[in-house]
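Enquirer: Sequence first, predicted model second:
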Amino acid sequence: MKEKFKGKISRRQFLYGAGVVGAATITGFPAILKGGRALAAKLDKPVTVGIWGGQLGAAAKENIVPVFEEKYGVKVNVIEAWNNPRLTQIKIQKENPQMDVAFFTDQIMPTVISSNVIQKIDADAVPNLKNSHPAIIDPDQNFITWQYGGWGILYNEDKITPKPSSWRDLLNPKFKGRLTSPDISYSSSYITLLALAKIDGGDENNLEPGFKNMKTLRSLSPTFWTTDHQLDNMLKQDEVWMSW
């Protein structure tokens, strides 16, 4: 993307290639809650959808909800919250669900499934399922993948030279105080942990090198961010020059 912060920081300068972004990451799953209504089979009252807040929630309300409402003639209510608060709410309402569909990121889906709050996807109740690629449908019919994307580095091209070419560049001490990273609670921070493990011989089954490098990263960073908005402000105010 070419959008700039004050004309000098590329909003997303993702670096693709060996050692930089190893793979795409699946980031979102919708699941139908137990006790809820099959969407296409019984549209007798408003449909309530739980989704993330911020830009994702705003995009859904602007681009997806109106299309659905117009096509099916049904009102859609949107509840915005992040993964854990939304799952907590769903557990509390387990006997009387207030949501029909909920969206979660991939790393929390095992917890969602084990919480016994969702029902299997009914192909007869979701006609578009037959038009979906098999790879995005959970083999056990617990959820459907909604989106995926890359995870990479963004940086101030006026301050960071030469431009980053590896995850190891995030550990460069010459940028101490100008680097930042998502907090461990951020939905995709585990991807950074895996990337930092792989540059020193680790993998999904050996994350110890990643934890070691995260400690180094923490010593170089003034603070970790928890929301995109917080990171935007840090970049705009020139507090940090590089993140991921």
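Expert: That came through, no problem.
Enquirer: Going by C-alpha atoms from here, please, whenever you check contacts or count neighbours.
Expert: OK.
Enquirer: Just the element for residue 148, please.
Expert: Following DSSP states H and E, the helix or strand that holds residue 148 is strand 147-149.
Enquirer: which strands and helices sit next to that strand?
Expert: Here strand 147-149 is seen to pack against strand 25-32 when contacts are counted using 3 or more C-alpha pairs under 8 Å, 6 or more residues apart in numbering; DSSP states H and E.
Enquirer: now the helix or strand just after the strand holding residue 148: mean pLDDT?
Expert: Scanning forward in sequence from strand 147-149 by DSSP H and E, the next helix or strand is strand 154-155. The predicted model assigns strand 154-155 a mean pLDDT of 86.
Enquirer: do stretch 86-96 as well
Expert: The predicted model assigns stretch 86-96 a mean pLDDT of 88.
Enquirer: what do you get for stretch 179-187?
Expert: Per-residue pLDDT values over stretch 179-187 give a mean of 80.
Enquirer: before we move on, the earlier item: distance between the strand holding residue 148 and the chain's centre?
Expert: Computed by C-alpha atoms, centre = their mean, to the nearest Å, the chain-centroid distance of strand 147-149 equals 8 Å.
Enquirer: Residues contacting the helix of greatest length in the chain, please?
Expert: Longest helix in the chain by number of residues (criterion: DSSP state H): helix 208-220. Applying C-alpha atoms under 8 Å, 6 or more residues apart in numbering, the external contacts of helix 208-220 come out as 170-171, 173, 175-180, 193-198, 200-202.
Enquirer: just stretch 235-244 next, same as before
Expert: Looking at stretch 235-244 with C-alpha under 8 Å, 6+ apart, the contacting residues turn out to be 5-6, 9, 151-156, 159-160, 170, 177-182, 192, 234.
Enquirer: Now a PyMOL select for only the buried ones of those residues.
Expert: Buried residues within the contacts of stretch 235-244, by 16 or more other C-alpha atoms under 10 Å, are selected in PyMOL with:
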select buried, resi 5+9+151+152+153+154+155+156+159+170+177+178+179+180+181+182+192+234
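Enquirer: Of the contacts of stretch 235-244, which belong to helices?
Expert: 192, 234.
Enquirer: Any idea how many residues pack against residue 84?
Expert: The number of residues packed around residue 84, counting by other C-alpha atoms under 10 Å, is 14.
Enquirer: Please export the C-alpha coordinates of the host helix or strand of it as CSV.
Expert: Secondary-structure element containing residue 84, defined by DSSP H and E: helix 83-92. Listed next in CSV are the C-alpha coordinates belonging to helix 83-92 (Å, rounded to 0.1, in the frame of the first residue of the first chain):
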residue,chain,number,x,y,z
ASN,A,83,-11.4,-12.5,21.1
ASN,A,84,-11.3,-13.2,24.9
PRO,A,85,-14.0,-10.8,26.0
ARG,A,86,-16.3,-12.0,23.3
LEU,A,87,-15.7,-15.7,24.2
THR,A,88,-16.3,-14.9,27.9
GLN,A,89,-19.6,-13.3,27.0
ILE,A,90,-20.6,-16.3,24.9
LYS,A,91,-19.8,-18.7,27.7
ILE,A,92,-21.9,-16.6,30.1
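Enquirer: Sounds good, over and out.
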